[in-house]
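Novice: Okay, structure incoming, though there's no sequence with it:
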């Protein structure tokens with residue numbers, strides 16, 4: 001529950017007020033290091049990233065394999 005509160009508190013820091021840029025390097029390094037593919041995939045699905053995100057930074061997300069990027073497959077706008 002505490003981890004969820006931290007993630008919710010930092011969600012705005014990740015995306016700002018627009019969805020075109022998603023930067024996990026903007027959250028606390030310790031939190032980014034704990035994120036898993038499932039965590040990042042859930043965020044990407046929730047914001048409809050395949051249709052909205054142009055730039056994605058996974059800085060400090062050392063606990064992922066890349067399967068979290070499924071929501072971006074086929075995206076026409078990712079740079």
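Specialist: Structure's in. What do you need? These numbers were taken from a predicted model, which means no experiment stands behind them.
Novice: Contacts only, for the residue nearest the centre of the chain.
Specialist: Relative to the mean C-alpha position of the chain, the nearest C-alpha, by Cα atoms, centre = their mean, is the one of residue 40, at 4.8 Å. Residues near residue 40 by Cβ atoms under 8 Å, 6 or more residues apart in numbering: 24, 58, 61, 64, 68. C-betas here are computed from N, CA, C, even on glycine.
Novice: Just the pLDDT at the second one, thanks.
Specialist: When you say that, I think you mean residue 58. As summarised for this prediction, residue 58 has a pLDDT of 96.
Novice: okay if I get the contacts of residue 40 as TSV plus secondary structure, neighbour count and distance to residue 32?
Specialist: Shown next, in TSV, are the contacts of residue 40 (DSSP: H, G, I helix; E, B strand; the rest coil; neighbours: other Cβ atoms under 10 Å; distance: Cβ to Cβ, whole Å):
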residue	secondary structure	neighbour count	distance to residue 32
24	helix	23	5
58	coil	17	8
61	coil	20	5
64	coil	18	10
68	helix	22	13
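Novice: Including distance to residue 77, could the residues you listed go into CSV?
Specialist: CSV is the format used below for these (distance: Cβ to Cβ, whole Å):
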residue, distance to residue 77
24, 19
58, 18
61, 21
64, 22
68, 18
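Novice: For residue 30, see how far away residue 72 is.
Specialist: Distance, residue 72 to residue 30, by Cβ to Cβ, to the nearest Å: 25 Å.
Novice: Who has more neighbours out of those two?
Specialist: Legend: neighbour count by other Cβ atoms under 10 Å for residue 72 and residue 30, higher for residue 72 (17 against 9).
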